[in-house]
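*Asks:* just a sequence and a predicted model for now, questions to come.
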Amino acid sequence: MGRIIMKWGGGLISDKSSLCTADNERIRLLADCVKTLSEMGHDIVIVHGAGSFGHIRAREYRLNEGNIDGLDQAEGINIVRSDMDDLHNLVIRALHPLSVTSHRPRDFVVNTGPDFQGHIERFLLPGIHITFGDVVDCDEPLDFGILSGDDLMLRLSTELPDVSHAIFAMGGAPGLMTSADSSGELIPLWNNNMPFSGHHSQNVDVTGGIFLKMDRADVISQFVDHVWLVDGEHTTRIVEIVEHGHTIGTRIVST
Ligand code: IPE
């Protein structure tokens, strides 16, 4: 049974506009989906995003810019880390009675972006592992920064053995769309030569939004057969990918 690496977007599991507001029902449904996949015998890594538990405060304290002279950001680091712990604990609780191994990036990662330092082998033990986008320490002069779950997806999907699926579960759309308005149509098969429409709320998101995600998904598709962007509100679609190899969503293929 292949290993499944799955991202739960922060906008899917929280209300992005309202500080630290989790969507418990969506978390419950995603957790049920993981239970189903686990019963099928898959090893699973869950990477969850931050949504309103991370972006709002991280932006307020400019944590994504690293250490800024004259600005007291220590309080912000503590708040965002503690809020992320709250969200993380909600997710772990929803996964009960599955036993999961939790890896907080701040405990094993240095630096941000796709080349962060950190031992990915810790995710190799059989079973279910879970990690998330976090505030991590960085080399000087930055000292700290925001590691996106999408960069964790990239490293986990390309460095762990036997990865059969990398699935990005998002909220608000069935997959990648031709246009962001109501005339937009789902792009069922995408490679990085093809255009798509996406909106990046630069005044909310401290990480790269859909453009970062598609960039990372493209790299992953060079290593992993099934790379998908799906609407995480319909968790049966995730199970369909694993069971049948197709569903409503966008499959990302290498060029
Ligand atoms: C962001 O992680 C982490 C923080 C802001 C602390 P992600 O980039 O993975 O989060 P989402 O999915 O966009 O919310």
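*Replies:* Sure, I can see it.
*Asks:* so for whichever residue of the stretch 151-255 of the chain sits closest to the ligand, what's the nearest residue that isn't a sequence neighbour?
*Replies:* The minimum distance from the stretch 151-255 of the chain to the ligand, using Cβ to the nearest ligand atom, falls at residue 207 (3.4 Å). Placement of C-beta: from N, CA and C, glycine included. In space, and not counting its chain neighbours, residue 207 is closest to residue 148: 3.9 Å by Cβ to Cβ, 6 or more residues apart in numbering.
*Asks:* how close does the one you found get to the ligand?
*Replies:* 3 Å (Cβ to the nearest ligand atom, to the nearest Å).
*Asks:* oh, and call the first residue 232 from now on, that's how I've got it
*Replies:* Renumbered: residue one is now 232, and that last one reads residue 379.
*Asks:* hmm, stretch 264-280 in reach of the ligand?
*Replies:* Yes: using Cβ under 6 Å from any ligand atom, stretch 264-280 reaches the ligand at residue 280.
*Asks:* got the buried residues for that stretch?
*Replies:* 264-266, 268-269, 273-280 (16 or more other Cβ atoms under 10 Å).
*Asks:* quick check: end-to-end length of it?
*Replies:* End-to-end span of stretch 264-280 (Cα to Cα, to the nearest Å): 17 Å.
*Asks:* return the residues of the chain in contact with the ligand.
*Replies:* 240-242, 280-282, 285-286, 289, 311, 315, 364-366, 377, 379-381, 436-438.
*Asks:* quick one: buried ones out of these?
*Replies:* Looks like the residues of the chain next to the ligand have 240-242, 280-282, 285-286, 289, 311, 315, 364-366, 377, 379-381, 436-438 buried, using 16+ other Cβ under 10 Å.
*Asks:* among those residues, which lie within helices?
*Replies:* Assigned to helices by DSSP state H, the following of those qualify: 241-242, 286, 289, 311, 315, 380-381.
*Asks:* where in the protein is pLDDT low?
*Replies:* The chain contains residues with pLDDT under 70 at 430-434.
*Asks:* now the strands: where do they sit in it?
*Replies:* For the chain, the strands defined by DSSP state E occupy 234-239, 274-279, 331-333, 359-363, 365-368, 375-378, 394-401, 420-421, 457-462, 481-483.
*Asks:* which residues are contacting the third one?
*Replies:* By that I understand strand 331-333. Strand 331-333 is touched from outside by 277, 319, 323, 354, 356, 358-362, with contacts defined as Cβ atoms under 8 Å, 6 or more residues apart in numbering.
*Asks:* weed out the non-buried ones from those residues.
*Replies:* Here, 16+ other Cβ under 10 Å leaves 277, 319, 323, 354, 359-362 buried among these.
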